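Trainee: how would this look folded up:
(2 chains)
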Amino acid sequence: AQSVAQPEDQVNVAEGNPLTVKCTYSVSGNPYLFWYVQYPNRGLQFLLKYITGDNLVKGSYGFEAEFNKSQTSFHLKKPSALVSDSALYFCAVRVNTNAGKSTFGDGTTLTVKP
Amino acid sequence: DGGITQSPKYLFRKEGQNVTLSCEQNLNHDAMYWYRQDPGQGLRLIYYSQIVNDFQKGDIAEGYSVSREKKESFPLTVTSAQKNPTAFYLCASSDPLQGLYTEAFFGQGTRLTVV
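Mentor: Predicted structure coming up:
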């Protein structure tokens, strides 16, 4: 079975500071990893994904994520947080042995304070 | 613009009623999904369909039903058998022909409340 853990329910950072939202996964086989963002009462929006290749993936709105196979992690990062980054962030994983279904973490609420 | 449209945005259901949530996409995607979102529990898969006229149960299918008669449409019915239907429901689609590395596209959600 595949699973995703987002160990922090809430992350608080000051505007201009770097941010990290953590994600770890457990799968059999090679993982395909995704980050999505959700604003209140809206659907999820895709941010970035890791498929293969370079462990550092760059995505939308200045976000990036680092894939670490030995630690089975895919942490989301941004060098300088904006107040507008405040939202709910989801990590998701897929493997090719599960009919393409994604498993999502429980989400992390990011609050960026001015 | 291509995308996924869910309707209605807000829906109220009386006890014992069945209600149907609409999901339409014009992305030409074969795969479609229904998720339920509760606070602090992330997204849980209700049903998914990889092709027209075929669908599979997800992790929490009890009390729900779906149909996939057209590629563009994947309606979800919340039946009276679903004892705790109040939640935010999200529909998504993806293009499996592009491979498992393709991201999912989500609708804006329907908030269902039992009154």
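
Trainee: and residue 86, how many neighbours does it have?
Mentor: As the question left the chain open, I've gone with chain A. 17 (other Cβ atoms under 10 Å in any protein chain shown). Bear in mind the C-beta positions are built from the backbone N, C-alpha and C, glycine included.

Trainee: please go with chain B instead
Mentor: Residue B:86, neighbours per other Cβ under 10 Å, totals 14.

Trainee: ok, what's across the strand from the residue in chain B that chain A sits nearest to?
Mentor: The nearest approach of chain B to chain A comes at residue B:106, 3.5 Å away (Cβ to the nearest Cβ). Note on residue B:106: beta-bridge partners by DSSP bridges are residue B:92.

Trainee: wait, it sits on residue A:43?
Mentor: Yes - assessed by Cβ atoms under 8 Å, residue B:106 is found in contact with residue A:43 at 3.5 Å.

Trainee: now for the two: what residues contact both?
Mentor: B:4, B:90, B:92 (Cβ atoms under 8 Å, 6 or more residues apart in numbering or on different chains).

Trainee: wait, what's in contact with whichever residue of chain A sits closest to chain B?
Mentor: As assessed by Cβ to the nearest Cβ, chain B sits closest to residue A:43 within chain A, at 3.5 Å. Residue A:43 makes contact with B:4, B:6, B:90, B:92, B:106-109 under the criterion Cβ under 8 Å, 6+ apart.

Trainee: next one: residue A:56
Mentor: Per Cβ under 8 Å, 6+ apart, neighbours of residue A:56: A:64-67.

Trainee: what strand or helix carries the most centrally placed residue in chain B?
Mentor: Centroid-nearest residue in chain B, with Cα atoms, centre = their mean: residue B:34, separated by 2.7 Å. Taking DSSP states H and E as the definition, residue B:34 sits inside strand B:31-37.

Trainee: same deal with residue A:57?
Mentor: Assigned by DSSP H and E, residue A:57 belongs to strand A:56-58.

Trainee: direction included, what does that strand pair against?
Mentor: If you go by DSSP bridges, strand A:56-58 pairs up with strand A:64-68 (antiparallel).

Trainee: the helix or strand following the strand it pairs with near chain B at all?
Mentor: Using DSSP H and E, the helix or strand that directly follows strand A:64-68 along the chain is strand A:73-78. No - using Cβ under 8 Å from any Cβ of the partner chain, strand A:73-78 never reaches chain B; the gap is at least 13.7 Å.

Trainee: between strand A:64-68 and strand A:73-78, find me the angle.
Mentor: 160 degrees (axes from the mean of the first three to the mean of the last three Cα atoms, to 10 degrees).

Trainee: and stretch B:37-49, which residues are buried?
Mentor: B:37, B:42-49 (16 or more other Cβ atoms under 10 Å in any protein chain shown).

Trainee: what does it contact?
Mentor: By Cβ under 8 Å, 6+ apart, the surrounding residues in contact with stretch B:37-49 are A:9, A:44, A:90, A:99, A:101, A:104-107, B:31-36, B:55-61, B:64, B:66, B:68, B:74, B:76, B:87-90, B:109.

Trainee: got the end-to-end distance for it?
Mentor: Its start and end residues considered, stretch B:37-49 measures 19 Å (Cα to Cα, to the nearest Å).
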